[in-house]
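Asker: let me see the structure of the following:
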Amino acid sequence: MTDFVLLLQASLSPIVLISGVGLILLTLNNRISRTIDNTRRICREISASPADAADGKREDLVIFYSRCKLLRLSAVALTASILTSSLVIPVLMWMHVAGQSLYTAGVILLSVSIGGIVFCAFSLLIDYVLTLKVLARQVDDALRCY
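Answerer: Reported below is the predicted structural model:
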């Protein structure tokens with residue numbers, strides 16, 4: 001009974017990690033959905049605008065498309081984090097049941113999981129910077145009109 005309780009205790013950390021990463025993935029999914037919607041809107045605006053009036057929109061389009069690619073990489077990194085965190089649980093169980101030390105495998109899986117989270121955090125920071133860059137250009141354009 002005590003061994004089973006220890007196994008459950010060891011398994012809780014990866015489960016909590018998976019839950020937290022899942023929430024970040026949900027947020028990321030919302031960001032990429034909005035970015036895709038804005039990219040499509042700008043494409044429609046460019047095709048409906050005269051060529052000389054669409055220069056700023058083309059700059060926005062490049063930034064939005066860059067954001068889409070960056071957010072896609074973040075989603076892949078977080079999905080890998082969830083996968084590797086999930087694999088830690090069977091490793092722990094195998095170590096407990098078979099009595100074999102798979103310490104190195106567990107450390108590698110956990111390191112990959114944390115690496116995915118760190119990559120996503122930096123990607124989100126870059127995404128925020130790009131978002132504010134587009135916003136600054138749009139505010140400048142709006143103020144210039146008045």
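Asker: any idea how far residue 127 is from residue 118?
Answerer: Look at residue 118 and residue 127: by C-beta to C-beta, to the nearest Å, they are 15 Å apart. No exception for glycine: its C-beta is placed from N, CA and C like everyone else's.
Asker: just residue 43 next, same as before
Answerer: Distance of residue 43 to residue 127, computed by C-beta to C-beta: 20 Å.
Asker: what is the longest helix seen in the chain packed up against?
Answerer: For the chain, the helix with the greatest residue count under DSSP state H is helix 2-48. Packing partners of helix 2-48 (3 or more C-beta pairs under 8 Å, 6 or more residues apart in numbering; DSSP states H and E): helix 55-98, helix 103-145.
Asker: deepest in the core, which of these is it.
Answerer: Comparing those by mean neighbour count (mean count of other C-beta atoms under 10 Å), helix 55-98 ranks first with a mean of 17.
Asker: okay, angle between that helix and helix 103-145 too, please.
Answerer: Counting by axes from the mean of the first three to the mean of the last three C-alpha atoms, to 10 degrees, helix 55-98 lies at 160 degrees to helix 103-145.
Asker: give me the nearest residue to the residue nearest the centre of the chain, chain neighbours excluded.
Answerer: Centroid check for the chain by C-alpha atoms, centre = their mean gives residue 74 as the closest residue, at 3.3 Å. Of all residues not flanking residue 74 in the chain, residue 123 sits nearest, at 4.0 Å (C-beta to C-beta, 6 or more residues apart in numbering).
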